[in-house]
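Chemist: predicted model and sequence below, questions to follow.
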Amino acid sequence: MEVDMLYKTEMVQKDQAESLRLIMAEKSTQTQQMARRTRIITISSGKGGVGKTNIAINLAIAFAEIGKKVVVMDADLGLANVNVILGIIPKYNLYHVIKKQKTIRDILVDTQYGIQIIAGASGFSQLANLAEEERDAFVEGLKELAYADIIIIDTGAGVSQNVLSFLRAADEAIIVTTPEPTAITDAYGIIKSISTEMNGPNIKLVVNRVHSVMEGKKVAERVITIAGQFLSIKVSNLGFIFEDSSVQRAVIKQDPFIKSAPSSKASQSIKHLMSRLANIEYRDNGGFGRFIKSIFGGRV
């Protein structure tokens with residue numbers, strides 16, 4: 001009985017992940033008349049407080065600045081805060097979608113930064129605990145986001161079933177850590193959880209709040225080496241973001257640092273991360289921009 005139940009649960013989770021992938025394909029009825037696919041990027045971390053949500057928002061804005069249609073979904077169903085960082089008080093959130101009171105389109109919020117957000121539903125700890133019809137309604141509703149070029153999913157921290165559900169559905173998983181030993185250990189923990197998936201996402205590592213180039217490289221190499229040695233899983237080094245006082249000032253102002261301090265070290269770092277993900281060359285005439293480019297070493 002228990003084996004059957006576990007098998008059924010695993011199949012439901014896999015079906016959910018596959019559904020999330022498939023519903024992002026759509027036929028263009030516009031001029032191109034060809035298939036297109038929405039890119040799903042999940043941003044996660046092993047522990048809270050490493051800057052994951054800030055990276056998700058500012059990365060989304062960087063994509064929007066090059067003409068991409070971007071939706072940021074706050075999938076932290078326990079402590080949602082994407083809208084808080086942006087200074088937005090949404091009337092509806094994912095709770096209303098899960099309860100079939102609203103559709104995904106109904107709760108989409110346009111922002112002044114060229115991106116749309118979907119506010120999380122504080123109070124729901126795990127998608128896996130939802131009733132089957134609630135889960136089905138949620139998955140079905142995601143079809144309405146197929147117009148977007150990129151969906152960035154900001155998950156909760158840790159390895160809850162909620163987080164793993166979104167990781168299964170993603171094309172790419174960006175794992176955020178900092179140089180702190182606890183953050184590094186927890187980042188390895190979430191990578192280990194992903195490694196058990198047969199068809200898991202491509203994993204990319206971002207080291208946030210580094211004080212030097214050497215520190216960023218050292219942390220990344222440590223995580224990547226251990227993951228390869230003990231988990232036999234490839235983790236790519238997407239890059240790092242410098243410690244920058246403008247980030248905290250932006251959080252207090254509830255204004256993304258890529259807009260309030262576009263020339264800051266953190267903003268330049270974000271733009272280069274975006275350029276690597278988009279496989280384009282980031283052009284910046286400033287001295288610091290050239291410095292960052294030399295560090296990141298071109299495209300991936």
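Modeler: Right, received. Where do you want to start?
Chemist: who does the host helix or strand of Leu164 touch, helix- and strand-wise?
Modeler: In the assignment (DSSP states H and E), Leu164 maps to helix 161-169. Applying 3 or more CB pairs under 8 Å, 6 or more residues apart in numbering; DSSP states H and E, one finds that helix 161-169 contacts helix 2-22, strand 39-45, strand 70-75, strand 150-155, helix 181-195. All C-beta atoms are positioned from the backbone trio N, CA, C, and that covers glycine.
Chemist: worst average pLDDT in these?
Modeler: When the helices and strands packed on helix 161-169 are compared by mean pLDDT, helix 2-22 comes last with a mean of 51.
Chemist: against Ala169, how distant is Gly216?
Modeler: 29 Å (CB to CB, to the nearest Å).
Chemist: my read: Gly46 touches Ala187, true?
Modeler: Yes: contact criterion CB atoms under 8 Å: Gly46 and Ala187 qualify, at 4.5 Å.
Chemist: which ones are touching the residue positioned nearest the centre of the chain?
Modeler: Central residue of the chain (CA atoms, centre = their mean): Ile43, 2.5 Å from the mean position. By CB atoms under 8 Å, 6 or more residues apart in numbering, the residues touching Ile43 are Lys52, Ile55, Ala56, Leu59, Ile152, Ile153, Asp154, Thr155, Ala173, Ile174, Val176.
Chemist: low-scoring pLDDT stretches of the protein, where are they?
Modeler: For the chain, the stretches flagged by pLDDT under 70 are 1-36, 78, 123-137, 139, 162, 198, 282-300.
Chemist: repeat that for 50
Modeler: 2-9, 24-35, 287-289, 291-292, 295-300 (pLDDT under 50).
Chemist: all helices of it, in order?
Modeler: For the chain, the helices defined by DSSP state H occupy 2-22, 52-64, 82-85, 94-98, 104-107, 132-141, 161-169, 181-195, 213-231, 245-253, 257-260, 265-278, 287-296.
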